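Q: Give me the fold of what follows.
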Amino acid sequence: MTDRRTQLAKLAANLAELVEILRHDPRCQWTRHFEACLAGARSLALGAPSQNEVNELSRSVMHVFGGMGSFNDYAPWHNGCTIPGMETLAEASGNVYQSALALRVVEA
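A: Purely as a prediction, here's the structure:
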């Protein structure tokens, strides 16, 4: 059976990496959302969260990844150039999405 604490720790680590990257852009509107998700992941990892709590965290993380005007549309550009420190944004955001998705999987 999957250890939810391990999964939460992985999500927290991935969120921490993403937040650190996003902080390179002080105008980024998504940083606060991911900081809140990070705090939630760390808090849940300290206890014995229910599947509903884990699902809610996962939903909170993942809901910003779809549709027009979503995090997927965020472009780390300033004056026509990539903001320094943002080179690994795509990989980091993919890791966050995948680790949030993994929290929804319940093994039989």
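
Q: Show the subsequent helix or strand relative to the longest helix anywhere in the chain.
A: Determined from DSSP state H, the single longest helix within the chain is helix 4-22. Secondary structure here is assigned by DSSP states H and E; on that basis, the next helix or strand after helix 4-22 toward the C-terminus is helix 31-45.

Q: Show me what counts as buried in that following helix.
A: By neighbour count on 16 or more other Cβ atoms under 10 Å, the buried set for helix 31-45 is 31, 33-35, 37-38, 40-41, 44-45. In this view, the C-beta of every residue, glycine as well, is placed from N, C-alpha and C.

Q: Now do the contacts for the closest residue to Ala100 other than its chain neighbours.
A: Excluding its sequence neighbours, the residue lying closest to Ala100 (Cβ to Cβ, 6 or more residues apart in numbering) is Val61, at 3.9 Å. When contacts are counted by Cβ atoms under 8 Å, 6 or more residues apart in numbering, Val61 is found next to 11, 15, 34, 37, 96-97, 100.
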